[in-house]
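Participant: please find the sequence and the predicted model below.
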Amino acid sequence: MGQKLHNRIETWKKLLLDFGKRNRLINFKDGKRSNVHIVSPSYESIFEKIAVKESPIVFPYSKKVFIDDDGNEIHETVIEGDVKTNKTVSELQKTLKVLRYRANTSIEEQGINILFLAFGMLKWHENDGSTETFLSPIILVPVKLIIESITSPYKLVPHEDEIVINPTLLYKLENDFGIILPEFDGTQDSISDYFDKCQKIVENKGWTIERDVNLSNLSFLKINMYKDLERNEERLCINPIVSAIAGEGEPITLDEDISNYDHDKKERPIDVFQVVDADSSQQDAILLSKKGVSFVLQGPPGTGKSQTITNIIS
């Protein structure tokens, strides 16, 4: 493995990590529409209900809503639900609506769930002399918000993704402080015991574990890309395309007979199995695919990318 390619991959990995103060996985902030802090019941009870028993959690809601002369919502006949939060019923409904919309948009556009119940916060500082403290979520339980109708309550149900320890925090602690948090199995380990273990690990630095629960949208997509680079580094280093991109390997060039291929003279119609029409540039892309050449198919809308892929498949 060339040292230049190894260094380039390390640079790519570092660029994917976001340890800045704007990253809520490192510096969590309780925003007006970005978070719901659950006050009761206890974090153990909530974890048991949502993560172990996989039962829905019903939020407080109002069956009767009136609009006063100033346009404000007046909620009457409040149904308590399963939890109490730090918001009024009116504010809670607005925040849950925003959280649900953002989470659904992420799933629709990227196929990634970003809605989590965050259990526990690590309260820490960067060095012994620092007066600035940070809060970082620890255990992230993937969830989704559902609502049957505008008069129904919001319900929180488990998402199919795995429970994880905040991956950005794990890398931050190990890389900057040499601290490795223990693994956590939500089906076997007690969440209270886990926080006790974490507290013993960090207490010599004067850090603390705050045992609370927050519902928020949190994204760590780039961490997954980081792990892909880390797991597949050896495979990347022997890949000719990656080597060429990194400037370590030989430039990738097309054989002369492919780059100047005469489709009309060298292809018989009886040997062409295309199901939709294709122009000359699309024919080139189909040829490259048939020859096993790696390439990027690009072009503005309406230039036939989907049709070309259809022909390649056929």
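Facilitator: Cool, the structure landed.

Participant: and for the protein, the residue most distant from the center?
Facilitator: Distance from the C-alpha centroid of the chain peaks at Lys265, with 50.4 Å (C-alpha atoms, centre = their mean).

Participant: can I take it that that residue is in a helix?
Facilitator: Yes: Lys265: assigned to a helix according to DSSP: H, G, I helix; E, B strand; the rest coil.

Participant: just the pLDDT for it.
Facilitator: Looking at Lys265, its pLDDT stands at 75.

Participant: mind naming the longest helix for this structure?
Facilitator: helix 89-110 (DSSP state H).

Participant: now the helix or strand following that one: buried residues?
Facilitator: Downstream of helix 89-110, the next assigned helix or strand under DSSP states H and E is strand 115-124. For strand 115-124, the neighbour count (16 or more other C-beta atoms under 10 Å) marks 115-122, 124 as buried. C-betas here are computed from N, CA, C, even on glycine.

Participant: quick one: secondary structure of Asp196?
Facilitator: Under three-state DSSP, Asp196 falls in the helix class.

Participant: how many other residues sit next to it?
Facilitator: 12 (other C-beta atoms under 10 Å).

Participant: and Gln199, how far from Thr77?
Facilitator: Distance, Gln199 to Thr77, using C-beta to C-beta, to the nearest Å: 43 Å.

Participant: now swap in Lys14 and tell me
Facilitator: If you measure Lys14 against Thr77 using C-beta to C-beta, the figure is 55 Å.

Participant: same deal with Leu287?
Facilitator: 69 Å.

Participant: between the two, who's got more neighbours?
Facilitator: It is Leu287, of Leu287 and Thr77, that has more neighbours when counted by other C-beta under 10 Å, with 16 against 9.

Participant: quick check: which element contains that one?
Facilitator: helix 280-290.

Participant: what helices or strands is that helix leaning on?
Facilitator: Contact here means 3 or more C-beta pairs under 8 Å, 6 or more residues apart in numbering; DSSP states H and E; on that basis helix 280-290 packs against helix 263-266, helix 305-313.
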